[in-house]
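Enquirer: Here is the input, now give the coordinates:
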Amino acid sequence: MKLSAIAERLGCEVAGDGDIEITGLAPIGTAGPSELTFLANPKYASKVKQTRAAAILVTEPLRGLPIASVVSSNPYLDFARALEFFYQPPRPKPGVHPTAVVAESARIGENASIGAFAVVGENVVIGRNAVLHPHVVIYEGVRIGDDFYAHSGATVREFCRIGNRVTLGNGVVIGGDGFGFAHYPDGAPYKIVQSGVVVIEDDVEIQQLSAVDRASIGETRIKRGAIIDNLVQVGHGCVVGENDILCAQVGLAGSSILGRNVVLTGQVGVSGHLTIHDGVTVYAQSGVGGDIAAGRTVAGSPAFDAREWLRAVAAFPKLGEMTRTIRELARKTEQLEKKLEKPDA
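Expert: Numbers count the residues shown, from 1 in each chain. Got it, this is the predicted structure:
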């Protein structure tokens, strides 16, 4: 594909030879002489002189270098878009595999592909263009919109509701029982029936081995555009807001409410029954134990302002030295006080 054609489809301008034939895309350090790369972070600018790439996506044309530039306001986004010109994941052909089990009462939209040993329960409704890979299980009464894509091993439990263009990764469980127990007087647990559902809105992706629990009453809701990474736990009654990003191993205890555009980086734990408001970012391995106001960036456990946390982290390796200094000052102060207490000779 010619570089000029790629730029045109991206809505970008070419500075240099637009007739270069591009065969693929690659990172700046490994790109070859027929590949397109990108520069989105200025700290990697020094690598541009060493790259062997044929062309590069940048915010401004490169001068004095034998490499064509594709000028973009968002090189990383356009690199992601350009990848789709060269690779599309294989899509199974429409049809129902002979080993799949589809209930007679289920209604499946046109152009569906239902793979080997998949199971679709009673009274399920699935829209157009669905793909259910092998061993996907859809329980009774589930409602799913158009363009649903479920990788092998995904499970959607009874009566859950899923919107359009939702993708579930391998081993995802939607609507498993929430972790709810009452207690007898002697302390023995009594399981609370999890009678609620999970509602997933449009354009959500939930990646491998994550779980979204059904509510005990009411619903657990994942709002439009949210992205959930691998090994994430969303507890019962939670709300994940629009365009939120939950990175790997995040855990939300029950009734956690997240606003729009929240980012929880890896291994963040949220204690539940609290609200994280719009635009919050939480650094990795932080523990959130209370509400967080909109727009804040926090870190640590318990989480507090990230700038203060960075200062604290910088000081932490020096605590031993600081403690020794304080002890020495205390010893000298004590000696001075004793000397001052003695009457003049």
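
Enquirer: Please make it C-alpha for all contacts and neighbour counts, starting now.
Expert: Noted.

Enquirer: And for V250, the neighbour number?
Expert: 24 (other CA atoms under 10 Å).

Enquirer: my read: it touches I228, true?
Expert: No: contact criterion CA atoms under 8 Å: V250 and I228 do not qualify, at 9.0 Å.

Enquirer: How far off centre is the lowest-mean-pLDDT helix or strand in the chain?
Expert: When each helix and strand of the chain is scored by mean pLDDT, DSSP states H and E, helix 319-341 comes last, with a mean of 91. Relative to its parent chain, helix 319-341 has a centroid offset of 51 Å by CA atoms, centre = their mean, to the nearest Å.

Enquirer: Repeat that for stretch 184-194.
Expert: 34 Å.

Enquirer: contacts for it?
Expert: By CA atoms under 8 Å, 6 or more residues apart in numbering, the residues outside stretch 184-194 that reach it are D177, G178, G180, F181, A182, H183, R214, A215, S216, I217.

Enquirer: Run through the residues that contact the second one.
Expert: For G178, the set of contacting residues under the criterion of CA under 8 Å, 6+ apart consists of Q194, D213, R214, A215, S216, G235, H236.

Enquirer: any idea how far the nearest residue to the first one once chain neighbours are set aside lies from A182?
Expert: Right, Q194. Excluding its sequence neighbours, the residue lying closest to Q194 (CA to CA, 6 or more residues apart in numbering) is S216, at 3.8 Å. Distance of S216 to A182, computed by CA to CA, to the nearest Å: 12 Å.

Enquirer: Between these two, which is the more surrounded one?
Expert: S216 (20 against 11).

Enquirer: What segments of the stretch 201-345 of the chain are helices?
Expert: For the stretch 201-345 of the chain, the helices defined by DSSP state H, counting those that start in this stretch cover 306-315, 319-341.

Enquirer: How about the stretch 51-200 of the chain?
Expert: Under DSSP H, counting those that start in this stretch, the stretch 51-200 of the chain gives helices at 75-86.

Enquirer: Which strand residues bridge the nearest residue to V102 once chain neighbours are set aside?
Expert: Leaving aside its chain neighbours, V102 sits nearest to V120 (4.7 Å; criterion: CA to CA, 6+ apart). Note on V120: beta-bridge partners by DSSP bridges are V102, I138.

Enquirer: what does S113 give?
Expert: G95, V131.

Enquirer: ok, now which ones touch it?
Expert: With CA under 8 Å, 6+ apart, S113 has these contacts: P92, K93, P94, G95, V96, N129, A130, V131, L132, H133.

Enquirer: Among those, which one has the most neighbours?
Expert: Most surrounded of these: other CA under 10 Å gives L132, at 29 neighbours.

Enquirer: ok, back up a step: for V280, state which of the contacts of G178 is nearest.
Expert: G235 (19.5 Å; CA to CA).

Enquirer: Run a quick neighbour tally on the closest one.
Expert: Neighbours of G235 (other CA under 10 Å): 27.

Enquirer: so what's the closest residue to it other than its chain neighbours up against?
Expert: Nearest residue to G235 in three dimensions, chain neighbours excluded: G254, at 4.5 Å (CA to CA, 6+ apart). Counting by CA under 8 Å, 6+ apart, G254 touches V234, G235, H236, G237, C238, S271, G272, H273.

Enquirer: got a winner among those for most neighbours?
Expert: Busiest of the contacts of G254 [other CA under 10 Å] is H236, holding 32 neighbours.

Enquirer: what sits against that one?
Expert: Contacts of H236 by CA under 8 Å, 6+ apart are 177-179, 212-216, 219-220, 253-255.

Enquirer: do H277 as well
Expert: Counted by CA under 8 Å, 6+ apart, H277 has contacts L258, G259, R260, V262, D291, I292, A293, A294, G295.
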